[in-house]
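J.: sequence plus the predicted model coming up.
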Amino acid sequence: MFLISCKKMFVCDEKFSILENQAFVFEEKILEFGTLKNLQKKYPHAKRIQSPQNSLILPAFINTHTHLEFSANSYTLHFGDFLSWVKSVMNSRQNLSQKAKDELILNTLKKMQRTGTGTIGEISSFGSDFQACLQSDMRVIFFNEILGVNQALNSSKKDEFFKRFQKSLDFQNELFIPALSVHSAYSTNLELIEWILALAQKHGLLLSTHFLESRAENAWLRHGKGGFKKWLKTLDKNAKPFCHPKIFTELFKGQRTLFTHCVHLNEFEWLDLKYHSITHCAFSNRLLSQKTFDLKKALKSGLNVHLGTDGLSSNISLSMLDEMRTNLLIHRDFELKNFAKKLLLMATFYPAKALDLNLGSLQTGKSADFSVFEIEDCDEEQLPLQFILHAKEVKKLFIKGKECKF
Ligand code: MCF
Ligand code: FE
């Protein structure tokens with residue numbers, strides 16, 4: 001049993017409470033809050049964890065969308081236009097994934113922990129991230145991804161996929177949670193989509209999908225036109241969109257799904273408030289999407305919107321703090337101080353809800369996933385914003401009550 005105290009605490013509850021001079025007792029879960037004095041009296045055997053004098057404790061960040069297999073990318077993939085990016089991925093993905101060996105992925109995960117992240121939603125395209133994710137002390141939702149346009153190859157795709165998927169099921173534990181991903185509506189044929197959805201239903205697993213990310217995808221799915229048409233016709237001269245985007249969302253009815261990007265989605269009512277959420281990747285959208293996600297409208301719709309960095313395939317950092325700073329700059333239609341609080345919830349409380357995990361806010365009974373940062377004296381009203389602006393690395397990070405070593 002452990003005891004920790006702090007000067008300030010971001011509880012990350014719905015109303016963004018900030019507590020002062022608080023302490024709590026924890027094992028794998030948070031057991032009780034109170035003043036240091038009272039808790040020391042009540043739990044004399046709890047081991048005291050030292051924290052800096054000017055410390056801030058908050059829930060560990062949850063980055064709902066990463067692609068660790070692309071962690072070796074810098075200078076290789078092409079940005080500015082989605083189709084050029086896809087073509088550069090096709091040309092380099094084998095090479096990039098070969099370079100992203102276990103050691104590189106483990107170092108990348110450590111680096112993420114140093115910036116306060118305790119849980120990730122990892123999109124696994126090939127399965128070459130499996131070993132590192134399993135080995136690391138990061139909490140990982142491991143989204144086994146499928147894609148494939150050519151129906152003639154479905155049976156071999158399914159065979160290859162099933163092996164990776166089964167392996168992830170075999171190793172399931174509280175820090176390694178298997179899940180499923182349909183890459184997108186343009187890259188995955190209906191038979192594969194329905195197969196994956198049935199698997200998710202059968203095993204009660206989370207789903208993730210890329211949705212309406214680029215202008216090209218939007219033109220193709222809605223009108224069967226644009227750059228995608230030219231490109232897909234070179235693969236199959238009769239190529240047609242597999243389904244309209246509205247139909248695509250209906251396929252996921254009643255299944256807990258994270259829809260990533262949604263930059264070209266105006267019809268938020270297509271998504272189900274209870275089961276569906278949106279992963280917003282602002283930096284990635286700036287590089288690939290040619291349009292800014294309408295965050296204001298999305299939040300007004302009542303949908304759960306949370307933050308992801310995407311992979312180093314379309315970002316320069318996997319730090320949620322960097323991603324929050326990007327959001328501060330990109331979304332200029334928000335009042336700054338309140339927006340900072342919202343962004344912190346979009347990195348903690350909201351993604352925990354989307355992933356149905358018992359963490360993301362500091363409350364009795366929640367998993368002890370939290371970080372300790374050192375801050376400077378600051379007007380309380382300014383604190384969430386100033387924290388996002390200045391914070392770089394944690395002093396300590398705990399996942400399931402266990403301190404991560406750096
Ligand atoms: O989220 C970004 C952009 N949108 C789509 N896919 C990916 C992203 N980063 C990596 N990817 C992967 C994806 O999982 O790249 C491949 C897939 O395996 C793209 S195939 C068009
Ligand atoms: Fe992605």
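T.: Structure received. Ligands and ions are numbered 1, 2, ... in the order given.
J.: what parts of the stretch 101-250 of the chain come near ligand 1?
T.: Counting by Cβ under 6 Å from any ligand atom, the stretch 101-250 of the chain comes close to ligand 1 at 123, 125, 145, 183, 187, 210, 213. (C-beta placed from N, C-alpha, C; glycine too.)
J.: neighbour-wise, give me the winner out of those.
T.: Ile123 (29 neighbours; other Cβ atoms under 10 Å).
J.: leaving out the residues flanking it, which one is nearest to the closest residue to ligand 1 within the chain?
T.: Nearest residue of the chain to ligand 1, counting by Cβ to the nearest ligand atom: Ser125, 3.5 Å away. Leaving aside its sequence neighbours, Ser125 sits nearest to Glu145 (Cβ to Cβ, 6 or more residues apart in numbering; 5.1 Å).
J.: ok, the one you found to Phe82 distance?
T.: Using Cβ to Cβ, to the nearest Å, Glu145 is found at 18 Å from Phe82.
J.: next up, phi/psi of the residue nearest to Ser125, please.
T.: Phi and psi for Glu145, reported as degrees, to the nearest 10, are phi -100, psi 140.
J.: how about the contacts made by it?
T.: With contact taken as Cβ atoms under 8 Å, 6 or more residues apart in numbering, Glu145 is in contact with 123-125, 181-183.
J.: got TSV for the residues you listed, with pLDDT and secondary structure too?
T.: Supplementary listing: these in TSV, determined by pLDDT from 0 to 100; DSSP: H, G, I helix; E, B strand; the rest coil:
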residue	pLDDT	secondary structure
Ile123	98	strand
Ser124	98	strand
Ser125	97	coil
Ser181	98	strand
Val182	98	strand
His183	98	strand
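J.: could you report the neighbour count for Gly365?
T.: By other Cβ under 10 Å, the residues close to Gly365 number 8.
J.: cool, and the one 5 residues further on?
T.: For Phe370, the count of nearby residues is 30 (other Cβ under 10 Å).
J.: now the worst-scoring helix or strand of the chain on mean pLDDT: buried residues?
T.: When the helices and strands of the chain are scored by mean pLDDT, DSSP states H and E, helix 227-235 comes last with a mean of 85. Buried residues in helix 227-235, counted by 16 or more other Cβ atoms under 10 Å: 227-229, 232.
J.: elements contacting that helix?
T.: Judged by 3 or more Cβ pairs under 8 Å, 6 or more residues apart in numbering; DSSP states H and E, helix 227-235 is in contact with helix 82-99, helix 215-223.
J.: same question for the helix or strand following it, mean pLDDT?
T.: Per DSSP states H and E, the first helix or strand lying C-terminal to helix 227-235 is helix 245-251. On average, the pLDDT along helix 245-251 is 98.
J.: by contact count, what packs against the next helix or strand after helix 245-251?
T.: Going down the chain from helix 245-251, the next helix or strand is strand 257-261, by DSSP H and E. Applying 3+ Cβ pairs under 8 Å, 6+ apart, we find strand 257-261 packed against strand 61-66, strand 207-211, strand 276-280.
J.: now render those strands as a markdown table, adding mean pLDDT.
T.: Converted to a markdown table, the helices and strands packed on strand 257-261 look like this (pLDDT from 0 to 100):
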| stretch | mean pLDDT |
| --- | --- |
| strand 61-66 | 98 |
| strand 207-211 | 98 |
| strand 276-280 | 98 |
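J.: now, of those, which is deepest in the fold?
T.: Of all the helices and strands packed on strand 257-261, strand 61-66 carries the top mean neighbour count, a mean of 29, counting by mean count of other Cβ atoms under 10 Å.
J.: sheet partners, orientation included, of it?
T.: strand 117-124 (parallel) (DSSP bridges).
J.: tell me what the helix or strand following the partner strand is packed against?
T.: Heading C-terminal from strand 117-124, the first helix or strand you meet, by DSSP H and E, is helix 130-135. Counting contacts by 3+ Cβ pairs under 8 Å, 6+ apart, helix 130-135 packs against helix 102-114, strand 117-124, strand 139-146, helix 154-170.
J.: among the ones you listed, which is nearest Leu251?
T.: Proximity to Leu251 (Cβ to Cβ) singles out strand 139-146 among the helices and strands packed on helix 130-135, at 13.8 Å.
J.: show me which residues of that closest one are buried.
T.: 139-146.
J.: ok, Ala216 to Leu83 distance?
T.: Distance of Ala216 to Leu83, computed by Cβ to Cβ: 5 Å.
J.: looking at the two, which is more packed in?
T.: Shown here are Ala216 and Leu83; by other Cβ under 10 Å, Ala216 has more neighbours (23 against 18).
J.: which ones are touching that one?
T.: Neighbours of Ala216 in contact, by Cβ under 8 Å, 6+ apart: 82-83, 226-228.
J.: out of everything not next to it in sequence, what's closest to Ala352?
T.: Nearest residue to Ala352, sequence neighbours excluded (Cβ to Cβ, 6+ apart): Gly360, at 2.6 Å.
J.: repeat for Phe242
T.: Distance criterion Cβ to Cβ, 6+ apart; nearest residue to Phe242, sequence neighbours excluded, is Leu190 at 5.2 Å.
J.: quick check: the one you found touching Pro241?
T.: No: at 10.5 Å, Leu190 does not count as touching Pro241 under the criterion of Cβ atoms under 8 Å.
J.: neighbour-wise, which of those two wins?
T.: Pro241 (21 against 14).
J.: how near is the more buried one to Glu160?
T.: For Pro241, the distance to Glu160 - Cβ to Cβ - is 25 Å.
J.: next one: Ile278
T.: 30 Å.
J.: wait, Thr326 touches Ala282, no?
T.: Yes: with contact defined as Cβ under 8 Å, Thr326 reaches Ala282; the gap is 4.8 Å.
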